[in-house]
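Trainee: Structure for the following, please:
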Amino acid sequence: MTAKYDLVFLGSGSTAFAAALAAQELGKTVVMVENRTIGGTCVNRGCLPSKNLIGAANLVFEARNPRYPGLEPCEIKLNFRDLVAQKDALVRDYRKKKYESLLGGSDP
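Mentor: Numbering: from 1, shown residues only. Model (predicted):
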């Protein structure tokens, strides 16, 4: 059996996702083809996870290097395993929330 679609998107990054949603709103049938995990580079390996980890690193830096007189530096304990698990959960939840409507409620 051969499926027919109006549009096929190669990749599932933000541009493909936006175009697929716009096409659906116009009544078109679409399919996304992804070689890796759905969401593309930004969601899975780039923007979202890196900004999350950079934000955590900034908190540690600011605690160790306060910029206001009268504030004493302090040490924040770092549990890298928990930090990465939190980042992974954030990415997974974002991917599920953003792609759920396109995937018909299935878990990406």
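
Trainee: which regions of this protein sit below the pLDDT cut-off?
Mentor: 101-108 (pLDDT under 70).

Trainee: again, only this time at 80
Mentor: 1, 99-108 (pLDDT under 80).

Trainee: for it, what spans make up the helices?
Mentor: With DSSP state H as the definition, the chain shows helices at residue ranges 14-25, 40-44, 47-64, 80-99.

Trainee: Please produce CSV containing those, extended by mean neighbour count.
Mentor: Just so you know, the C-beta spots here come from the backbone N, C-alpha and C atoms, and that holds for glycine as well. Formatted as CSV, the helices of the chain follow (neighbours: other CB atoms under 10 Å):
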stretch, mean neighbour count
helix 14-25, 15
helix 40-44, 18
helix 47-64, 13
helix 80-99, 14
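
Trainee: right, so of these, which gets closest to V8?
Mentor: Judged by CB to CB, the one of the helices of the chain that comes nearest to V8 is helix 14-25, at 9.9 Å.

Trainee: tell me how far that closest one is from the chain's mean position?
Mentor: For helix 14-25, the distance from its own C-alpha centre to the chain's C-alpha centre is 17 Å (CA atoms, centre = their mean, to the nearest Å).

Trainee: again, but for stretch 58-73
Mentor: Put simply, stretch 58-73 sits 29 Å off its chain's centre (CA atoms, centre = their mean).

Trainee: export the helices of the chain to TSV and tack on distance to L71?
Mentor: As requested, the helices of the chain are arranged in TSV below (distance: least, CB to CB, whole Å):
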stretch	distance to L71
helix 14-25	39
helix 40-44	35
helix 47-64	9
helix 80-99	24
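
Trainee: any idea how far I38 is from Y94?
Mentor: Between I38 and Y94 the distance is 11 Å, computed by CB to CB, to the nearest Å.

Trainee: Same question for T37.
Mentor: The span separating T37 from Y94 equals 12 Å under the rule CB to CB.

Trainee: Over to D82?
Mentor: For D82, the distance to Y94 - CB to CB - is 19 Å.
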